[in-house]
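# Dropping the sequence and predicted coords here.
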Amino acid sequence: IRLLATSDPMLTGLGTTLSALVIQDTRAKVVHVGDSRIYCFHQEYLERLTKDHTLAAELEGKTTSGLIAARFQNVLLRAVGFEETVVADIRDIPISQGDIFILSTDGLEKSIGEKALAKLITASAGQSAREICEGVMRAAMAHPGDDNITVGVVIAGRGA
């Protein structure tokens, strides 16, 4: 990505976010750069495992105006391709069989929000990863925002 961004003037500033999940036995590694997100639904609780690398996230709590932070929600501070190297956030977490992981672009949260996502996952108990993903996408597309939406779902200990 960096090579493309520096070799073609039309691609100056090219970059991308990265959210990756590696599951092995009872542990998961979460690797993250940018503002895409990874959530874990465990025992009826949805937890966001990533922190956005945006100016808005950096300003959160440091300014009295939520409008100022909201204005900078799309300004990335870290992304793959912006610089020669990038520092990724890496977390190693314990997991349980049946934990549901949702990997998504930030457009999902802008479309339906985290509370609605938690309700959708709760209502999807027992469904396959594919069925959960399709349900989340249907809900997101019913409330489209001005950002792209990509969603992937992984259930620990189960196939697709």
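Done, it's in. Residues are numbered from 1 along each chain as shown.

# just the helices in this structure please.
Using DSSP state H, the helices assigned to the chain run over residues 2-7, 55-59, 66-71, 106-111, 113-123, 129-142.

# Going by mean pLDDT, which of those comes out lowest?
Among the helices of the chain, helix 66-71 has the lowest mean pLDDT, at a mean of 65.

# Mind checking which residue lies nearest the centre of the protein?
Arg37 (1.2 Å; Cα atoms, centre = their mean).

# any low-confidence regions in the protein?
Applying pLDDT under 70 to the chain flags residues 61-70, 158-160.

# what pairs with Arg48 across the strands?
Beta-bridge partners for Arg48, by DSSP bridges, are Tyr39.

# What of Asp89?
Beta-bridge partners, per DSSP bridges, of Asp89: His32.

# residues contacting it?
Neighbouring residues of Asp89 by Cβ atoms under 8 Å, 6 or more residues apart in numbering: Val30, Val31, His32, Val33, Thr50, Lys51, His53. To be clear about C-beta, it is placed using only N, CA and C from the backbone, and glycine gets the same treatment.

# What subset of those residues is buried?
Buried members of those, scored by 16 or more other Cβ atoms under 10 Å, are Val30, His32, Val33, Thr50, His53.

# Reformat the residues you listed into CSV and put distance to Gly145 next to each item.
Shown next, in CSV, are these (distance: Cβ to Cβ, whole Å):
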residue, distance to Gly145
Val30, 25
His32, 22
Val33, 22
Thr50, 19
His53, 20
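
# Just the closest of those residues to Ala116, please.
Closest approach to Ala116 among the buried ones among the contacts of Asp89 (Cβ to Cβ): Thr50, at 18.5 Å.
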